[in-house]
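Novice: sequence plus predicted model, see below.
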Amino acid sequence: MKKILALTLLAITVSISVFAQQDIKFEAGSFNFGKIAQGTPVTHVFTFKNTGAKPAVVEYCTAECGCTTPEVTKEPILPGKSSTVKVTYNAASMGNFTKRVTVKLVGVAEPIILTINGEVVAPKK
C-alpha cells in the first residue's frame, strides 16, 4: 500500500513539474519606440512561440499603469505555434518612459516581463 501511495505521489509530482516547465520563447522581451509625439498612441507587437510539448494558456496579461494596454489571445497556443502580445502606449505625458507588461501562463510560477520604453516629445507644429 505504501508503495502505491509513493508511486502515485511521484507520478503527480512529475506531472506537475513537466507542466510547469512550459516553454514560451519571445523573439524580443523589450522594445524602444524612440521619440514619440505627445498625444499619439503607439503600438508594438511582441511575438512568441510555444516550444513546449503542451498547449500554453495565458492566465493574465497586465500593464503596470493605465497608460499601457496589452492585448493577448485567451485561446490555447498549441505546441509549435506562435501568438502575439499587442502593447499600446498612449503617450499622453511628456518625458522618458519605461513600462512593464506581465504575462502569466497557467501552470508556470514565474511570469514573463515585457518592457517598452521611449521618450514622449512635443508634437511638431
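Specialist: Now that the structure is in, tell me what you want to look at.
Novice: now do the contacts for K49.
Specialist: Residues near K49 by C-beta atoms under 8 Å, 6 or more residues apart in numbering: 24-25, 80-82. All C-beta atoms are positioned from the backbone trio N, CA, C, and that covers glycine.
Novice: for it, list each beta-bridge partner.
Specialist: Counting by DSSP bridges, K49 forms beta bridges with K25, S82.
Novice: need the pLDDT of the residue nearest to K124 when sequence neighbours are not counted.
Specialist: The spatial neighbour of K124 that comes closest, neighbours along the chain excluded (C-beta to C-beta, 6 or more residues apart in numbering), is A37 at 6.7 Å. Looking at A37, its pLDDT is 95.
Novice: am I right that A37 is in contact with A91?
Specialist: Yes: between A37 and A91 there is a contact under C-beta atoms under 8 Å: 7.2 Å.
Novice: quick test: name the residue nearest the centre of the chain.
Specialist: Taking C-alpha atoms, centre = their mean as the criterion, V103 is the residue nearest the geometric centre of the chain, at 3.1 Å.
Novice: could you measure from it over to T40?
Specialist: Applying C-beta to C-beta, to the nearest Å, the value for V103 to T40 is 25 Å.
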